[in-house]
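In: Take a look and give me a structure for this.
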Amino acid sequence: MTSPASAQAAAETEAVVEVRDVHYAIGGRAIFAGLDLTVQRGRITAIMGPSGGGKTTLLKLITGQIFADRGSVRVFGQDVATLDRRALYALRQRLGLLFQNGALLTDLDVFDNVAFPVREHSDLTETLIRKLVLTKLQAVGLRGAAHLMPAELSGGMARRVALARAIVMDPEVLMYDEPFVGLDPISLGVILRLIKQMNSALGITSIVVSHDVRELATIADESYLLLEGRIAVAGTPEQLRTSSSPAVQQFMTGSFEGPVAFNYPAPDYATQLLADDDE
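Out: Presented below is the predicted three-dimensional model:
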């Protein structure tokens, strides 16, 4: 017989997302070449990597917006690529996503933006929707801004409204796509605190995609560094910081010098310039 303590320990280590040997290319360019990672229930997992390295693409694979060329992506034990439309939509209702740019609907006020998913996917009365929306806005500190339009919001406020919308359906997994971009220090601190608090208070699992090393180190339970289509290193933020890998050290310290190239692959510069002159 399994003890309550053993059952709790098993639940805490349960994998809610499993990515195994995933290969994916766009226009012949490899984005992933044997990607492997696991997201465990109840933890904050950080996915780091340089811009253009496939971080947002990974979220699209998890939500079934695109499918791997090879390998498997399993969410809640289900192979996403094998789900029919009904099953895929049911899976997505267990997921929340904070879009990179917030993606608020510009013709709706704050209240209606947050209420939108509930009205689309439930039969709740307007009275219950009002209570639910105000509760979520209160959680992000914007209950008083319910009547404002997106154009009246600062960048940090818009990100918090988008966060309220992402949690309004009480998802089991909440994904954040570059949540710190363009935020001032105060807004950044607020978002960091909200991610940590909501993961704990709501008992959810969080996946945070970002290239902001310092910020992620303050909230992540486990971090993955994505380089050249694979996981270069995985572990706690401290383990990544002390890694002996030159590529990992270059990314963690923000150095220009190192094995990770800054320039996109191109023909020889001088040869290309001369060829253009000949034309």
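
In: so residue 74, which of the three states?
Out: strand (DSSP: H, G, I helix; E, B strand; the rest coil).

In: Let me know how buried it is, in neighbour terms.
Out: 18 (other C-beta atoms under 10 Å). Every residue, glycine included, has its C-beta placed from N, CA and C.

In: give me the beta-bridge partners of it?
Out: Residue 74 has the following beta-bridge partners by DSSP bridges: residue 18, residue 79.

In: these two touch, right, it and residue 83?
Out: No. Applying C-beta atoms under 8 Å as the test, residue 74 and residue 83 come out as separate, 10.7 Å apart.

In: Tell me which residues of stretch 127-143 come out buried.
Out: 129, 132, 133, 134, 136, 137, 139, 140, 142, 143 (16 or more other C-beta atoms under 10 Å).

In: Just to check, the fifth one is in contact with residue 167?
Out: Yes. Between residue 136 and residue 167 a contact is recorded at 5.8 Å, counting by C-beta under 8 Å.

In: Paired strands for the host helix or strand of residue 37, with orientation please.
Out: According to DSSP states H and E, residue 37 maps onto strand 29-40. Here strand 29-40 is paired, per DSSP bridges, with strand 15-26 (antiparallel).

In: Now for the residue lying closest to residue 170 once chain neighbours are set aside, how many residues are close by?
Out: Leaving aside its sequence neighbours, residue 170 sits nearest to residue 202 (C-beta to C-beta, 6 or more residues apart in numbering; 7.3 Å). By the criterion of other C-beta under 10 Å, residue 202 has 15 neighbours.

In: if I look at residue 202, how far off is residue 101?
Out: With distances taken as C-beta to C-beta, to the nearest Å, residue 202 is found 24 Å from residue 101.

In: Likewise for residue 269?
Out: Taking C-beta to C-beta, one finds residue 269 at 33 Å from residue 101.

In: Those two - which one has more neighbours?
Out: residue 101 (13 against 9).

In: Please work out the average pLDDT along stretch 98-115.
Out: For stretch 98-115, mean pLDDT rounds to 87.

In: Run through who's touching it.
Out: 56, 116, 129, 132-133, 136-137, 142, 145-151, 153, 158-159, 161-166, 168, 174-179, 181 (C-beta atoms under 8 Å, 6 or more residues apart in numbering).

In: which among the residues you listed end up buried?
Out: 116, 129, 132-133, 136-137, 142, 145-146, 148, 150, 153, 158-159, 161-166, 168, 174-179.

In: how much space between the spatially most central residue of the chain and residue 204?
Out: Centroid-nearest residue in the chain: residue 176, 3.4 Å away (criterion: C-alpha atoms, centre = their mean). From residue 176 across to residue 204, the span is 12 Å (C-beta to C-beta).

In: Return the set of residues that bridge with the residue nearest to the centre of the chain.
Out: Going by DSSP bridges, residue 176 forms beta bridges with residue 98, residue 208.

In: circling back to that earlier point, go through the contacts of stretch 98-115 and flag which are in strands.
Out: 174, 175, 176, 177 (DSSP state E).

In: Relative to residue 19, how far out is the third one?
Out: Look at residue 176 and residue 19: by C-beta to C-beta, they are 17 Å apart.

In: and for residue 176 and residue 204, which residues touch both?
Out: By C-beta under 8 Å, 6+ apart, no residue touches both residue 176 and residue 204.

In: Show me which helix runs longest in the protein.
Out: Longest helix in the chain by number of residues (criterion: DSSP state H): helix 185-201.

In: Using CSV, list the CA coordinates for that one.
Out: Only the C-alpha atoms of helix 185-201 are listed here, as CSV (Å, rounded to 0.1, in the frame of the first residue of the first chain):
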residue,chain,number,x,y,z
PRO,A,185,12.6,47.5,-13.1
ILE,A,186,9.4,47.9,-11.0
SER,A,187,7.2,46.1,-13.5
LEU,A,188,9.8,43.4,-13.9
GLY,A,189,9.9,42.8,-10.1
VAL,A,190,6.1,42.6,-10.0
ILE,A,191,6.0,40.0,-12.8
LEU,A,192,8.7,37.9,-11.1
ARG,A,193,6.8,38.0,-7.8
LEU,A,194,3.5,37.1,-9.5
ILE,A,195,5.1,34.1,-11.3
LYS,A,196,6.5,32.7,-8.1
GLN,A,197,3.4,33.4,-6.0
MET,A,198,0.9,32.0,-8.5
ASN,A,199,2.9,28.8,-9.0
SER,A,200,2.7,28.2,-5.3
ALA,A,201,-0.7,29.6,-4.4
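
In: Great, nothing more from me.
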